[in-house]
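# Quick check, what structure comes out for this input:
(one chain, ligands or ions: 1)
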Amino acid sequence: MSWEPKILAFACNWCAYAAADLAGSTRLQYPPSLRLVRVMCSGMVHPNLVVEAFNQGADAVLVMGCHPGECHYLDGNRQAASRLAVVEEMLTMQGLEPERFALVWCSSTEAERFAAAARQMHQTVERLGPSPYRAPAAPGPEDGGKEAAGCG
Ligand code: FES
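This next block holds a predicted model:
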């Protein structure tokens, strides 16, 4: 059975999301395992959201925001950074490796930095394997399994 990592990235509208857009328009390669969620600021991403992403099946989570000192809401990214230790502790308490979470700063013009962060996390997840919170995939025909049976 094949396994594809799922990485959820909360990307700040003003920088990381724009960098992702630029990466796409300039045809920079990054893994399709990355799913973007646009947020207005990295400071909006509460630690509970990160934990919920893992509970919903993410193998890794990125929070991507503006470089320190460049947050459009003054100190949102500093708030995000100050929560890093809390998030890592919450993940450890849940039995998850802290490497499954990362904060990344990039500007709207740093498409390569965005793509590199995506590639790096993809490699980390491939090394660690699937999250233990991820529901096992239903067996498909390629696995020799049968389709999920209905009643009757
Ligand atoms: S506006 Fe980008 S991190 Fe705050």
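
# Flag every residue of the protein that's near the ligand.
12, 14-15, 41-43, 65-66, 71-73, 76-77 (CB under 6 Å from any ligand atom). Quick note: C-beta positions are derived from backbone N, CA and C, even for glycine.

# hmm, try it at 8 Å
Counting by CB under 8 Å from any ligand atom, the positions of the chain adjacent to the ligand are 12-16, 40-43, 65-66, 70-73, 76-77, 80.

# which of the residues you listed are buried?
Buried by 16 or more other CB atoms under 10 Å: 12-16, 41-43, 65-66, 71, 76-77, 80, out of the residues of the chain next to the ligand.

# In strands, which of the residues you listed fall?
Cys12, Gly65 (DSSP state E).

# Can I get the buried ones among the residues of the chain next to the ligand in JSON lines including pLDDT?
Conversion of those to JSON lines gives the following (pLDDT from 0 to 100):
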{"residue": "Cys12", "pLDDT": "98"}
{"residue": "Asn13", "pLDDT": "97"}
{"residue": "Trp14", "pLDDT": "97"}
{"residue": "Cys15", "pLDDT": "97"}
{"residue": "Ala16", "pLDDT": "96"}
{"residue": "Cys41", "pLDDT": "98"}
{"residue": "Ser42", "pLDDT": "97"}
{"residue": "Gly43", "pLDDT": "96"}
{"residue": "Gly65", "pLDDT": "97"}
{"residue": "Cys66", "pLDDT": "97"}
{"residue": "Cys71", "pLDDT": "97"}
{"residue": "Gly76", "pLDDT": "95"}
{"residue": "Asn77", "pLDDT": "95"}
{"residue": "Ala80", "pLDDT": "95"}
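
# Generate CSV for the buried ones among the residues of the chain next to the ligand, with distance to Pro31 as supplementary columns.
Formatted as CSV, those follow (distance: CB to CB, whole Å):
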residue, distance to Pro31
Cys12, 20
Asn13, 22
Trp14, 24
Cys15, 20
Ala16, 16
Cys41, 25
Ser42, 21
Gly43, 26
Gly65, 21
Cys66, 23
Cys71, 27
Gly76, 27
Asn77, 24
Ala80, 23
